[in-house]
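Colleague: sequence plus predicted model, see below.
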Amino acid sequence: MGSAVVEVTNLRFRYAGSSEYVLRGLDLTVSSGELVIVTGPTGSGKTTLCRVLTGLIPKLYRGELTGWVRVAGLSPVDAVRAGKVTYVGPNPEEQFLFPTVDEELRSYGVDEDAVKEVLTSLGLEALRSSVIFKLSMGEKQRVALAAAIARAPDLLILDEAIALIDEPYLTAVLDHVVKLGRQGSTVLLVTKAPHIIRRLAEVGARLILIVGGAVKVVGDARALLTTSAVDAHPFLVGLRNITVPGYSVAWEVVQCRAS
Ligand SMILES: Nc1ncnc2c1ncn2[C@@H]1O[C@H](COP(=O)(O)OP(=O)(O)OP(=O)(O)O)[C@@H](O)[C@H]1O
Ligand SMILES: [Mg+2]
């Protein structure tokens, strides 16, 4: 295992104007080259954690933040400034800095070979000179992902960023994610989509379950999804109840509020 890329200790955060803490003593360590699924019920604090790791909290979102956070050995703001962390959120329109696909992809000094490879694999070559705002949402999401992948940052955070991606591009994105890991990048993929969690479990991802603003379960995703334990968290039980080749029972997502 490589050096720690994400180090979080006793992280607590509440948004300004709210008396309730969203992150409640969250601890997390992620090493370089790791592929990590971050999952958990809606409202459990996953996006809030991403905002802390990318410096959006406290730069953009105000509130009370305590605890220790380091990304690639730096404060999150310094890590972003140094180009070490790239975030793609659920709304691709918030990501873009340039008007066309080509300019967006070639930003941050990405070399032409990397741009070509990612554009081809994500079916975007024909759209290279297109104006981004004229594209469909799915195409915009592919452009945002392509730009992030081409940059090959130390830490890539994808927060519900592949929800609109269909095959064959879903496979292409997941292949890129695995390849980035082999090249030493760390990928945190936030998702509640069981089919994506399954696919990542097959390639050795670690799973982190966040409930109520704290890490409840950490472990090898495949093991967590295939071993039955009577005291398992209901969210994990829901993820296990999936029918895909090689697995059992019925496919159902358990919706449960953070507690
Ligand atoms: N800008 C904000 N101001 C105040 N409260 C917020 C803000 N953003 C999120 N929250 C609250 O913080 C809590 C955690 O939200 P967060 O978006 O981090 O959850 P999540 O785990 O990402 O959920 P989901 O799975 O639905 O994406 C929720 O109760 C939410 O209402
Ligand atoms: Mg979220």
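Modeller: Yep, that arrived. Numbering: from 1, shown residues only. Ligands and ions are numbered 1, 2, ... in the order given.

Colleague: in terms of helices and strands, where is the closest residue in space to V110 that isn't next to it in sequence?
Modeller: Closest residue to V110 apart from its sequence neighbours, by Cβ to Cβ, 6 or more residues apart in numbering: A150 at 4.5 Å. Yep, even glycine has a C-beta here, placed from its N, CA and C like the rest. Using DSSP states H and E, the element containing A150 is helix 137-151.

Colleague: beta-bridge partners for the closest residue to E34 other than its chain neighbours, please?
Modeller: The shortest distance from E34 to any non-neighbouring residue, by Cβ to Cβ, 6+ apart, is to T186 (5.3 Å). Going by DSSP bridges, T186 is paired in beta bridges with L155.

Colleague: quick check, T186 in contact with S3.
Modeller: No - with contact defined as Cβ atoms under 8 Å, T186 and S3 do not form a contacting pair (10.1 Å).

Colleague: shared neighbours, the two?
Modeller: Listed as contacting both T186 and S3 by Cβ atoms under 8 Å, 6 or more residues apart in numbering are 31-32.

Colleague: pretty sure L65 contacts A16?
Modeller: No - in terms of Cβ under 8 Å, L65 does not count as a neighbour of A16; the distance is 10.6 Å.

Colleague: neighbour count for the two, which is higher?
Modeller: Per other Cβ atoms under 10 Å, whichever of L65 and A16 has more neighbours is L65, with 15 against 9.

Colleague: once you drop chain neighbours, what's closest to that one?
Modeller: Looking at L65 with Cβ to Cβ, 6+ apart, the closest residue is F13, at 4.9 Å.

Colleague: could you report the neighbour count for that neighbour?
Modeller: 23.

Colleague: now it, which residues is it bridged with?
Modeller: The partner residues for F13, given DSSP bridges, come to L23, L65.

Colleague: SS state for V217?
Modeller: strand (DSSP: H, G, I helix; E, B strand; the rest coil).

Colleague: could you say which helix or strand contains the residue of the chain found nearest ligand 2?
Modeller: Nearest residue of the chain to ligand 2: T47, at 3.2 Å (Cβ to the ion). Using DSSP H and E, T47 falls within helix 46-53.

Colleague: wondering if that helix reaches ligand 1 at all.
Modeller: Yes - judged by Cβ under 6 Å from any ligand atom, helix 46-53 comes into contact with ligand 1 through 46-48.

Colleague: now, which of those sits nearest Y108?
Modeller: The closest of those to Y108 turns out to be T47 (Cβ to Cβ; 23.5 Å).

Colleague: what's the closest non-adjacent residue to that closest one?
Modeller: D159 is the one closest to T47 (Cβ to Cβ, 6+ apart), at 5.7 Å.

Colleague: report pLDDT for that neighbour.
Modeller: You'll see D159 listed with a pLDDT of 97.

Colleague: for it, what are phi and psi?
Modeller: Main-chain dihedrals, D159, degrees, to the nearest 10: phi -110, psi 100.

Colleague: what about it, how many neighbours?
Modeller: 23.

Colleague: report the contact partners of it.
Modeller: D159 neighbours (Cβ under 8 Å, 6+ apart): 46-47, 50, 87-90, 190.

Colleague: S129 contacts V101, doesn't it?
Modeller: Yes - using Cβ under 8 Å, S129 is in contact with V101, at 7.1 Å.

Colleague: higher neighbour count, those two?
Modeller: V101 (27 against 9).

Colleague: relative to E64, how far out is the more buried one?
Modeller: 40 Å (Cβ to Cβ, to the nearest Å).

Colleague: what sits up against the helix holding A150?
Modeller: Residues contacting helix 137-151 (Cβ under 8 Å, 6+ apart): 83, 86-88, 92-93, 95-96, 101, 104-105, 107-108, 110, 114-115, 118-119, 122-124, 127, 132, 135, 156, 158, 161-166, 169, 173, 176-177, 180.
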